[in-house]
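[1] sequence and predicted structure are below.
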Amino acid sequence: MAGIYICFGNDYANPNRPFKGTSMIELLNTYTVVDIETTGLDSHFDEIIEIAAIQVSNGQEINRFNSLVKPNQEISTFISELTGITNEMVENSPGIDVVLPQFLSFIGTSVLVAHNANFDVNFIYDFTRLLDLPPLKNDFIDTLRLSRRIFPNWDNHKLQTLVNNLNISDTVEHRALSDCVNTHLCFESMKGYISANNLSLDTLWEHYGTMSKRIHAQTDQFDLDSPVYGRVFAFTGTLEKMPRKDAMQLVVNAGGICGDGVTQKTNFLVLGNNDYCKAIKGGKSSKQKKAEKLQIDGYDITTISENVFYDMIGAENLMGGD
DNA sequence: TCTCCTCGAGATCT
DNA sequence: CTCGAGGAGA
């Protein structure tokens, strides 16, 4: 599908991990599944002992990465029993300083998929900083978050539970590559469940915030001279050339701001096809009427047609020129 | 009525 | 971390 990129993440930047990517909910077909095994839960004190990734294209695995990692500290018996990874096994394995650059090269800039993705992403992020590597910026999809939303009645949403309930396997191995395989299958299974049951991300997240809140910029490099930059947009009616949320995406990618309704802060109201309200008195939507009133009252708001909107967004943004 | 915020409860990862 | 509840402000 077209480049819709709905993110349902935090609006505020994480002060401890300023370059960390966004937790997005998007049913992508091309992504990289990642998983790590560690000596414990705390990325400040614990270390990675195994790291794996699976490159997925069109839903299918096309490549995999897998490596044990020798930590500086001893692996506790608790972790050895949990994962099956012993001190002996990692004795001759490379350190994280060797493995992490290879891993980062493998995942590139792809969107990551993981179960409780924040755990893996935070761990990897912190070790990129520790080793003075470029910080992990990849956006990511959390299958934990997705399963909680799709199956709210389940007792829990551990990977083990997903694997069982989705009839993928009986047991989970608690090894990095094995968990990647399971997470891959779980994600594909949930995507299938959504389409098979005529669900969609919009319906699943219908009451979470508002549409405009769910759309985040795909870039942090804005053209400050764009007529869109820093301006507040609202939409009314159905656009002809694209879904409204795609148009909102264009706005925020150009550094603009989207609102759901017309307020005193709105600068532009984009008029789509309003056939549906022909029957309404004056043939104008409530948003259009409100915009006209605000304009009369002296507010900086202009109603524009869909075509004028695309002109404002500008060929320089869509065609990569300057 | 709508938007923005703060806060607390509840999970999941090894 | 995520999400929803409840309050402040318009």
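    Done, it's in. Numbers count the residues shown, from 1 in each chain, chains lettered A, B, ... in the order given.
[2] in which helix or strand does the residue of the stretch 101-250 of chain A found nearest DNA strand C reside?
    Using C-beta to the nearest atom of the strand, the closest approach of the stretch 101-250 of chain A to DNA strand C is made by A:Asn118 at 4.0 Å. (C-beta placed from N, C-alpha, C; glycine too.) In the assignment (DSSP states H and E), A:Asn118 maps to helix A:117-130.
[3] how far off centre is that helix?
    Here helix A:117-130 is found 16 Å from its chain centre; the criterion is C-alpha atoms, centre = their mean, to the nearest Å.
[4] can you point out the buried residues in it?
    Burial within helix A:117-130, assessed by neighbour count using 16 or more other C-beta atoms under 10 Å, is assigned to A:Ala117, A:Asn118, A:Phe119, A:Asp120, A:Val121, A:Asn122, A:Phe123, A:Ile124, A:Tyr125, A:Asp126, A:Phe127, A:Thr128.
[5] check which element follows it along the chain.
    Once helix A:117-130 ends, the next helix or strand along the chain (criterion: DSSP H and E) is strand A:140-142.
[6] show me the contact partners of the top helix by length along chain A.
    In chain A, with assignment by DSSP state H, the single longest helix is helix A:176-196. By C-beta atoms under 8 Å, 6 or more residues apart in numbering, the surrounding residues in contact with helix A:176-196 are A:27, A:33-37, A:50-54, A:56, A:59, A:61, A:64, A:66, A:113-115, A:141, A:143, A:146-147, A:150, A:159, A:162-163, A:166, A:168-169, A:172-173, A:199-201, A:204.
[7] could you turn the buried ones of these into a ChimeraX selection?
    To isolate the buried members of the contacts of helix A:176-196 in ChimeraX, using 16+ other C-beta under 10 Å:
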select /A:27,33,34,35,36,37,50,51,52,53,54,56,64,66,113,114,115,141,143,146,147,150,159,162,163,166,168,172,201,204
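[8] which ones among the contacts of helix A:176-196 lie within strands?
    A:33-37, A:50-54, A:56, A:61, A:64, A:66, A:113-114, A:141 (DSSP state E).
[9] ok, and which of these reach DNA strand C?
    Among these, not one lies near DNA strand C by C-beta under 7 Å from any atom of the strand.
[10] the longest helix of chain A: which residues count as buried?
    Under 16+ other C-beta under 10 Å, the buried positions of helix A:176-196 are A:176-191, A:194.
[11] now it: mean pLDDT?
    Average pLDDT, helix A:176-196: 97.
[12] for stretch A:45-64, same thing?
    98.
[13] now do stretch A:151-166
    Stretch A:151-166 shows a mean pLDDT of 97.
[14] same deal with stretch A:92-103?
    Across stretch A:92-103, the average pLDDT comes to 98.
[15] contacts for that stretch, please.
    Stretch A:92-103 has contacts (C-beta under 8 Å, 6+ apart) with A:47-48, A:51, A:53, A:65, A:67-72, A:124, A:127-128, A:131, A:133.
[16] which parts of chain A are helices?
    Going by DSSP H, chain A shows helices at A:77-83, A:87-90, A:96-107, A:117-130, A:143-150, A:159-165, A:176-196, A:201-204, A:244-253, A:286-296, A:306-313, A:315-318.
[17] relative to A:Gly21, which of those helices is closest?
    A:Gly21 sits nearest to helix A:117-130 of all these, at 7.2 Å, using C-beta to C-beta.
[18] one step back: which one of the helices of chain A lies nearest to A:Thr219?
    A:Thr219 lies closest, by C-beta to C-beta, to one member of these: helix A:244-253, at 5.9 Å.
[19] do the closest one and DNA strand B meet at all?
    No. Helix A:244-253 lies apart from DNA strand B when judged by C-beta under 7 Å from any atom of the strand; the minimum separation is 12.8 Å.
[20] run a quick neighbour tally on A:Lys241.
    When neighbours are counted by other C-beta atoms under 10 Å, A:Lys241 registers 11.
[21] hmm, I typed the wrong one, I wanted A:Asp97.
    Going by other C-beta under 10 Å, the residues that sit close to A:Asp97 add up to 13.
[22] A:Asn167 now?
    Taking other C-beta under 10 Å as the neighbour definition, A:Asn167 ends up with a count of 9.
[23] go on, A:Thr236?
    Using other C-beta under 10 Å as the criterion, the residues surrounding A:Thr236 number 24.
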